[in-house]
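Asks: Structure here, sequence nowhere to be found:
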């Protein structure tokens, strides 16, 4: 039984962690903190958890995180980097669902996140928690940087192609779309239903924080700097990310379908669909799967990859639990055997 | 006063034509036909029109289209090509909102639309009704092929760039997203709210009928065959298309913002937003505008263009009325001075 | 030409007023104020207005409201009561779209709105701006209390029945449902798309501010205190209110359809649908109509009335413009001839 | 291990049964039939089930239903009544998720469902499968009539109140609202996203098939004929039913909160919320719970009850599995321990 703590459990990734951990056979929630909701029952804030979790939010300072085997940070950026060092020193392992340890270049991190980094020395140690890429390193990690939601969908979609080579690395395109839960559970006019319902738009066209994160991983995979255009969009729905990826093929044709199926054949949470498929976000709603389809429209020289995830599960809390399972020697899929809720 | 007829007024483009024409100061609806709804009051089928239109659907054969100055076809593909010749012979001008006259290559048309063309000889005469490109020809046209919804958004978005040159024509990308009214008002499991609500997906990745239409126009503009990847997506909303377009810049930089503003400065229905903008589909809901923003993310060599329209207005009925205005010497904006309905 | 001012134009009722006034042939916006957005172009905040309104928000104190013929308050509750007296003294007429002057019982107002009333003496003078009930008084009014959105839908729905009598006044039921724009354009977790999308709930079951407002008007109409259960609900959509009303018939049957049709025959903005109809909110989206259907299910002793409005138009800004038209001797429907936007 | 068959698994209740049974520890799907999809993999039709169910649809006549312990009918009305007799004769137990065996009055059934009943003699034997009311009878039943979705929400909401007495039975009101999955997975213009999205309306005001079903059960509970007004409404969402119920209290007050809590204290799938709560449909999305709140607004003589369920789970497939568990001596909650998916 892994004793876990959650710092900051009042957002959507926190709520989703709670939903998953409440049914996890080998995890026990030892502490959950919230500065704003301390003393309140978790199930009062999240009524769907009523009857499943008998737990109260604690003040961060009062929560017994030091007694935990693992602490998840479901906090805004900039929190984990301040609290993680002491926890690690106390022998507690850490998974940060925010961005504090995702970028290896601390200077770049400070640029994109607009604050000085509090523990740059730990950045090098942190393992980027994408199991499909770093499974072995995750198993032994003390500190895991859980990937962003867009980066998960985009990276898994490009992964086999970039490993195989043969595409123009200078001109990759990721046109990504996300539901509103990705914007978090915070009061903001821009996320009101009356503002985003029945409408569609791109945002952050000239620069999004997930861009350097994606480029970092893709460049590692390709063993070369990649040129990537990344444009995120807001979809009037709650959960789900779809990324449509474009790359130009160089040289002779390969069997892309076979390439993708082989690369992910042993992966428990990547499902390559048959040729001609169009994965829907709802097929993975509430589940930890990434579903991918690959196509070469009209026989042209462009590969089009579609990749869908539930941003709160494979894009956040589910992937964090998957990482926990790996870190503690449990079955990687434990507690994550979740059928997508459709319709 | 232009006396107009509408063939097939029971779909969404028909309903939208009725909404616009009901308030048009110089149009009078002389006849509207529907095989399935003949004898029924229009306002019974479309309750929003109650009190604004006192009109009944007629049998197609009984409707006095021959007495009209102009007949709109808001029918499935393949209807206009059978009825247009006789109308034109009778001196009636025609705007087809379906696809019968959009592709200049009749063989390609027959391939994509899966039927023999009934009047291939008229195809050459038909004017592609995109006023921003063919205004003068439209004024004198007997037969106008009203552009498709995706083609309108994509073509207007690429127009200044392709006219100016300096981009890699071999690798243009149009990632387009549409609300459900684009799928038409016909019983289909795939368009049920319980199927498409709260979900997002691409469709027709390996080939969509609007692809050859877009390529035809872009190739004309560029005076060269263009390579285009076009992927349409379904957005869980009703009205609106957003197209995010990508092109690789060759050679020295140009002031894209200025290029776009100049190209569309005199256009009544294209609004180039300030640099850094993200046009929302709701800003044009119910209106005839195409709003465009152009950006060069991170100073890279890729241009990203966002283009939004209401698929039923500038993407269908509104553009048809705009074409009617041009054909009959009216103010081009007459009856189309419609503020977008937001929120 | 009526010179109008708008205090507080950054919410949804303010934005809707702007949309309507921008096209009103006899209104000219002389000033619009916002403490938070002073100096900013209106069209920057509301991009749908780009090209239709060349106007900037002013500081409230700097805006020349004293030069206006009429000032609309589209502010939170408690603002109009502080500014209205000076304006009225200066000869400026006032329409308050908030609740400051709706309840005739000042004590009750202070209880429900949680603050002392700043000008209780004006409350008696204020005319409740429901033209279908107080048309003549509105024409001569200096100060109009524009009705709430729920009260408009519910009151118009009950009006003919209560005027006619013959129902159990002790047990009226109004089960009302509203889209999210009714919650206003303010940052609040409870109105986020991720909180209210794909879900439905009642709220304020034990007491809503519109309850005393509705009871006050219904009691006036019935000339007796009515017993009313009023339960509002949140619908995952943006615009629209539907109220389903229930009343128990006493005594002999009447022709309800005829009763309703006669009562509203001359009303420009109330449309009684044929027997058996089910009005949809979308049929009045963006328009100023209230559409009503009345039924007696299964021949029983209960009347069921359905009443739909666009909460931002007939439930707020549209009704305010209707009141303005009456106050200034204009055609009551001027600027309000708006077809509902469907689909 | 219970060997089950499913007749007609291509609708939403069928898909939901499959989702639940795929993870049920003591159920094994022996056969699933569909006339239209015979030969097709289940996971091709319902991609969320990919990897969880390796099953093909069979022709109804070819499916080995006779070898099953239990057959679920997830078919249109009128199918179960034709196939059930032979199955029962063969010793197979039956749960009908459609309406064939819900109304005890065969004549009334024939009136509401518009066809002659094929096995009226079995109607008397059939047990109405609401465990909270008929648990013991369900355990021994050969044939269970699974309740309708609205009837489940409304009946559970009224249950404690009618058992306790003290309300005016002649004037009960149930104002119910449902998401679109309740309309089924069949091509119909009226359920298109472009028709029902962003809109709200009542339907079937003058008579809905669930009305006699609800009245039958409520009258049994009250041991007297009840007068019930039932008005269903369409909510622009996919899953969920909310019913707001109104009843007039007679005589002296009771502690309603306590009454409800006691009545359902031992029920695994009814959750009475604290006083002052407003249950949201999303809190039970995907789960088998009915969440209820009871209130007495403003201390008046009217009780207002709010009741929410997931129409596809507690309102259909989940309740069917709950009935199966009871019939086969399994833990009543087996396979139904499902946390609501929110946000």
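Replies: Everything's here; your move. Everything quoted here is computed from the prediction, not taken from an experiment. Numbering: from 1, shown residues only, chains lettered A, B, ... in the order given.
Asks: Surely residue A:293 and residue A:273 touch.
Replies: Yes: between residue A:293 and residue A:273 there is a contact under C-beta atoms under 8 Å: 4.5 Å. Placement of C-beta: from N, CA and C, glycine included.
Asks: So which of those two has more stuff around it?
Replies: Just comparing residue A:293 and residue A:273: by other C-beta atoms under 10 Å in any protein chain shown the higher neighbour count belongs to residue A:293, 24 against 20.
Asks: for that one, helix, strand, or coil?
Replies: strand (DSSP: H, G, I helix; E, B strand; the rest coil).
Asks: which ones are touching it?
Replies: Neighbour list for residue A:293: A:272, A:273, A:274, A:275, A:276, A:277, A:278, A:279, A:305, A:306, B:205 [criterion: C-beta atoms under 8 Å, 6 or more residues apart in numbering or on different chains].
Asks: From chain C, how far out is the fourth one?
Replies: What it means is residue A:275. According to C-beta to the nearest C-beta, to the nearest Å, residue A:275 stands 32 Å off from chain C.
Asks: any common contacting residues for residue A:293 and residue A:273?
Replies: With C-beta under 8 Å, 6+ apart as the test, residue A:293 and residue A:273 both reach residue A:279.
Asks: so how far is chain B from the residue located most distally from the centre of chain A?
Replies: Centroid-distance maximum for chain A: residue A:252 at 34.0 Å, with C-alpha atoms, centre = their mean. From residue A:252 across to chain B, the span is 18 Å (C-beta to the nearest C-beta).
Asks: go on, residue A:160?
Replies: Counting by C-beta to the nearest C-beta - residue A:160 and chain B are separated by 18 Å.
Asks: do the same with residue A:168
Replies: Taken as C-beta to the nearest C-beta, the span from residue A:168 to chain B is 9 Å.
Asks: tell me the contacts of that residue?
Replies: A:247, A:248, A:249, A:250.
Asks: rewinding a little: buried ones only from the contacts of residue A:293, please, as a ChimeraX command.
Replies: Burial among the contacts of residue A:293 is assessed by 16 or more other C-beta atoms under 10 Å in any protein chain shown; the matching ChimeraX selection reads:
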select /A:272,273,275,277,278,279,305,306 /B:205
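Asks: Would you mind listing the buried residues in stretch A:110-118?
Replies: Result for stretch A:110-118 [16+ other C-beta under 10 Å]: buried residues A:112, A:113, A:117.
Asks: Wait, residue A:116 touches residue A:110, no?
Replies: Yes: Residue A:116 is within contact range of residue A:110, at 5.9 Å (criterion: C-beta under 8 Å).
Asks: Point out where chain A drops to low pLDDT.
Replies: A:299 (pLDDT under 70).
Asks: Any idea which residue of the stretch 1-150 of chain A lies closest to chain D?
Replies: residue A:48 (3.6 Å; C-beta to the nearest C-beta).
Asks: tell me the SS of the residue nearest to that residue when sequence neighbours are not counted?
Replies: Nearest non-adjacent residue to residue A:48, counting by C-beta to C-beta, 6 or more residues apart in numbering or on different chains: residue D:340, 3.6 Å away. Look at residue D:340: counting by three-state DSSP, its state is coil.
Asks: residue contacts, residue D:340?
Replies: Residue D:340 touches A:47, A:48, D:282, D:283, D:284, D:285, D:286, D:287, D:289, D:310, counting by C-beta under 8 Å, 6+ apart.
Asks: What count of nearby residues applies to the closest residue to residue A:312 other than its chain neighbours?
Replies: Leaving out its chain neighbours, the residue that sits closest to residue A:312 by C-beta to C-beta, 6+ apart is residue A:16, at 4.4 Å. Residue A:16 has 30 neighbours, counted by other C-beta under 10 Å.
Asks: what about residue A:16, which helix or strand?
Replies: In this structure, residue A:16 sits in helix A:12-21 according to DSSP states H and E.
Asks: now whatever helix or strand comes next after that helix: how far from the chain's centre is it?
Replies: Using DSSP H and E, the helix or strand that follows helix A:12-21 towards the C-terminus is strand A:27-33. Averaging C-alpha positions (C-alpha atoms, centre = their mean, to the nearest Å) puts strand A:27-33 21 Å from its chain's average.
Asks: ok, back up a step: test my guess that the residue of the stretch 1-150 of chain A closest to chain D contacts residue D:282.
Replies: Yes: look at residue A:48 against residue D:282 with C-beta under 8 Å: they come within range, at 7.1 Å.
Asks: Show me which of those two is the more surrounded one.
Replies: residue D:282 (28 against 25).
Asks: my guess is the more buried one is in a strand, correct?
Replies: No: under three-state DSSP, residue D:282 falls outside any strand and is assigned helix.
Asks: Now do the same contact list for the closest residue to it other than its chain neighbours.
Replies: In this structure, residue D:282 finds its nearest non-sequential neighbour in residue C:199, 3.7 Å apart by C-beta to C-beta, 6+ apart. Applying C-beta under 8 Å, 6+ apart to residue C:199 gives the contacts C:236, D:237, D:240, D:280, D:281, D:282, D:285, D:342.
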